[in-house]
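Just a sequence and a predicted model for now, questions to come.
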Amino acid sequence: MTVFFQLAVSCVLALAVCAGAVGYFRTVRTIRPPIGVFNGADIFVMMGFVLALPYLYLALPGGVLPVVLAVAFAGGLSVGYQPVIGDARLRWALIAVLIAAVFGAHLAFGDTAAPYWIANSCVVGLVVVSATNLNVQGGMRLKNVAWFLLALAAYDAFFAWVVPLTEELSDAVQGYPFAPAAGLRIGEDLGAVLGMGDLLAYALFTTAAYKAYGKAGLRTGIVLVVLFGAVAPVAALHMVGAVTGHAVAVIPAQVFFGPAAFAGHLLLGRRGPERRMAELVLRRGRIAAPGAAAGPRRGLGGVAR
């Protein structure tokens, strides 16, 4: 029962953030920052940020950590959904409702109850969708994502099995609201939780693949996310437990997904060069940056209509 529950929750969450990120990509244009083109130096900086963030979390006093996470979630939502809800007062009011819902559910039901995890998962999912599009629409290409995920796989393996930083971070957020994770818990017996970083990895790869190679990239991304992002980690968790006779604390999902995503990038690369944002237009209109002139609506194929 537990394994099927975890498989179902993992697949639903992984596919939901991918669908949300691609849907946002197809219908909304973010305000692109003047960051130029992503390169190896950018990946190095991103990995440095990923390396430093867990230490920052662990250095914070327990009561301060949820406040920092709540502020980070609110900021991510405000920036990511500014093109969707232009009225700042309305946008912040809706964000306040979401943050209050998570906090209220935690107070009323606790951090092992389904209502809290549903509310927290909605906020985390929305943040992942916005962060994905800020990166992909901001210039991040599929090859950048693939190299980043390959490096992330090595990072996750090291800090899960050599230096137990991942487990320490998981313990640090226990009992507090605004966990950087999404999932579902029903009592003490049934539970399935995916880290926010894993969800971001799935959404980044799928959206970047769609931007680069259209429907072929989308299909590749979805297949890899389901097989290596959801099914493989859950199956490995239970197989290792069955073989060793001990419950396994951590199985890093990126150990499976990172190499698979890199292989998917190489496979898709045989189709030719990646498409860039300048080559793409929206199917259902366009939300232009402030000051931009409105142009004709175009389909993804580039035909004006």
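Yep, that arrived. Numbering: from 1, shown residues only.

What about residue 140, how many residues nearby?
24 (other C-beta atoms under 10 Å). C-beta here means a position set from N, CA and C on the backbone, and glycine is covered the same way.

Tell me if it really is in a helix.
No: residue state for residue 140 (DSSP: H, G, I helix; E, B strand; the rest coil) corresponds to coil; a helix is not indicated.

So it is in contact with residue 204, correct?
Yes: the criterion here is C-beta atoms under 8 Å, and residue 140 meets it with residue 204 at 7.4 Å.

just for this protein, where's the confidence low?
Low-confidence segments of the chain (pLDDT under 70): 1, 32-55, 57, 62, 166-167, 172-173, 245-249, 281-305.

Next, please give the residue ranges for the strands of it.
In the chain, strands defined by DSSP state E lie at 181-186, 190-195, listed in chain order.

With just CA atoms, put the last one into CSV.
To tie it back to what came earlier, the one meant is strand 190-195. What follows is strand 190-195 as a C-alpha-only set of coordinates in CSV (Å, rounded to 0.1, in the frame of the first residue of the first chain):
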residue,chain,number,x,y,z
LEU,A,190,1.2,7.0,4.7
GLY,A,191,3.5,9.7,3.4
ALA,A,192,5.2,10.9,0.2
VAL,A,193,7.3,14.0,0.1
LEU,A,194,9.4,15.5,-2.8
GLY,A,195,11.9,18.2,-2.2
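
can you map out the helices along the stretch 1-150 of the chain?
In the stretch 1-150 of the chain, the helices defined using DSSP state H, counting those that start in this stretch lie at 2-27, 40-59, 65-80, 88-109, 114-136, 142-157.

can you redo those helices as TSV with mean neighbour count and distance to residue 182?
Listed next are the helices of the stretch 1-150 of the chain as TSV, based on neighbours: other C-beta atoms under 10 Å; distance: least, C-beta to C-beta, whole Å:
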stretch	mean neighbour count	distance to residue 182
helix 2-27	20	5
helix 40-59	13	17
helix 65-80	17	12
helix 88-109	15	12
helix 114-136	23	4
helix 142-157	21	17
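
Switch these over to a markdown table; also include distance to residue 211.
Rendered in a markdown table, the data for the helices of the stretch 1-150 of the chain read as follows (distance: least, C-beta to C-beta, whole Å):
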| stretch | distance to residue 211 |
| --- | --- |
| helix 2-27 | 7 |
| helix 40-59 | 17 |
| helix 65-80 | 17 |
| helix 88-109 | 26 |
| helix 114-136 | 6 |
| helix 142-157 | 7 |
